[in-house]
Structure formats: structure tokens, C-alpha cells
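K.L.:
give me the fold of what follows.
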Amino acid sequence: MEEIVLESVRLIAADQVSELVISQLRSEHIYSLGNSSYVLMNMVLVSSKNGIQNIKNVLANHKKAKRAIAVLIDSELQVPEMADIDSVLSFTNKDEFYNEFKSFLSLIRHNVEIHGLVCFDFNDFFTMIKGRNELSIHSCAYNEKISEATTELRKNINPNHANYLLTFTVEHYNPDTFGEALYPIKTYIDELPDEGNVFWNFRESSTKEVVLFISKQILS
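P.N.:
The predicted structure follows:
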């Protein structure tokens, strides 16, 4: 099991269920360094109406970060506009919140904190999630060619007016052969809807995969 130690995120629970989620993550070696000097996001998990009412209180108990983000365990919850909340996030696959949230934290670790090799950074990430958004993450492994994974990703119906991050891994970066590896990625990006922003990133890893992260804004 991969250990995920987040330096830019402070995980905060707004209610009892949220505390259990954070505790379960820690048992799987996924946790935030709340006292890190690199914290950029206070991320508050919320599962109930009482939790929504408690957001301001729990944020006040922690050092202010550059951004404050509410993550809804129950996507049906409604969060009123708050001056101190920059983003409200939920997941399209609401029945798999825990696994989706784990994938989301892994994506932050590898693409915001470590930056990959194309320098997708915090500002790009926040462009994707600013406001009220519904998130989905699609991951496809490949054995030999990246096109194996992009072929699988084409089975998804991608929404219009959304923001996309397409990130992939290569076992070893070789500038002489990278253009060939990049071709199916470029082709897939060209097929994404024109509306919205498209970002891409890559990194070296023995785990060969392509991940599509989609953030779709929900209009009130």
C-alpha cells in the first residue's frame, strides 16, 4: 500500500463521520502534516447539516491557509455561500466516496506537491476546483503502450464545460522516445470538449497508468 503524506493539505473534520474517514485514511498511511509550513489548503470534510454549521468553527481552530475547501461526503448537502470557503467539492460517484477521495488525495500529492515533470501547480489545480464542483477520476493501467489506457478512457462520456487534468506515468523518461509515447496523449486531449481548461502532466513511476481528473462546475 502506497503511503501518501500530504504537506500542502490540512485535513479537518467537521463532524463525527468525517473524523472516522480521516482516521481510516490514517490507518491506511494516508494523512496530512497539519503543522507543515507548506500548507496551502484547509480541507474540511462534511457529512451532515450539523457539520455544515460547524465549518466556520473548525476552520477558526486552525491556522488560515491560502484556500479553504469543503468536501461533501454526502453530495446532496447544500453549503450556503461563505466568505471563507473558496471551493465546495463532491464526487460524481457518491456511493464510492472513500475510494474517490483517496484517489483525489493521491492526485494532489503527485501533481500539486511533487509537480510531476510539466509543472502543473497549485494555481492550475485551484483553477480547476474553484467554486462548487463535482469531481470524477478515471484511472486506466497499461502494459506496453499508453494507447491501451487512452482506448479505455474513450469509453467514458466526458461532459462539456468542464476542466480536465490528464496525467500519466512512464517507467523511464527518455527524451528520444518521449514524442512517440506522447502521441496518444495528444490525440486524446484533442478529442476532449473545447469548453473549459485542459491540463496535462506526467511523472516517472513503475506503475504505468493514465488518469483523467474531471472537475465540472455546478451552477446554482
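K.L.:
give me the outermost residue of the chain relative to its centroid.
P.N.:
residue 176 (31.0 Å; Cα atoms, centre = their mean).
K.L.:
in what helix or strand does it lie?
P.N.:
If you go by DSSP states H and E, residue 176 is not part of any helix or strand.
K.L.:
now do it against residue 210, distance only.
P.N.:
Residue 176 sits 21 Å away from residue 210, taking Cβ to Cβ, to the nearest Å as the criterion. C-beta: built from backbone N, CA, C; applies to glycine.
K.L.:
what of residue 139?
P.N.:
Separation of residue 139 from residue 210 (Cβ to Cβ) stands at 7 Å.
K.L.:
between these two, which one's more packed in?
P.N.:
Neighbour tally, residue 139 and residue 210, criterion other Cβ atoms under 10 Å: the higher count belongs to residue 210, 25 against 17.
K.L.:
what's opposite residue 169 in the beta bridge?
P.N.:
Beta bridges link residue 169 to residue 203, judged by DSSP bridges.
K.L.:
show me the contacts for it.
P.N.:
By Cβ atoms under 8 Å, 6 or more residues apart in numbering, the contact list for residue 169 reads 202-205, 207-210.
K.L.:
and with 7 Å instead?
P.N.:
By Cβ atoms under 7 Å, 6 or more residues apart in numbering, the residues touching residue 169 are 202-205, 207-209.
K.L.:
filter these down to the buried ones.
P.N.:
Neighbour-count burial (16 or more other Cβ atoms under 10 Å) is assigned, among those, to 202-203, 208.
K.L.:
just give me the closest of the contacts of residue 169 to residue 115.
P.N.:
residue 203 (8.7 Å; Cβ to Cβ).
K.L.:
can you list the buried residues in the helix ranked longest in the chain?
P.N.:
In the chain, assigned by DSSP state H, the helix with the most residues is helix 178-191. By 16+ other Cβ under 10 Å, the buried positions in helix 178-191 come out as 181-182, 184-185, 188.
K.L.:
give the rounded mean pLDDT of that helix.
P.N.:
Here helix 178-191 scores 93 as its mean pLDDT.
K.L.:
where do the helices sit along this structure?
P.N.:
16-27, 49-60, 97-108, 122-129, 146-153, 178-191.
K.L.:
ok, which of those helices comes nearest residue 160?
P.N.:
Per Cβ to Cβ, nearest to residue 160 of these: helix 178-191, 12.9 Å.
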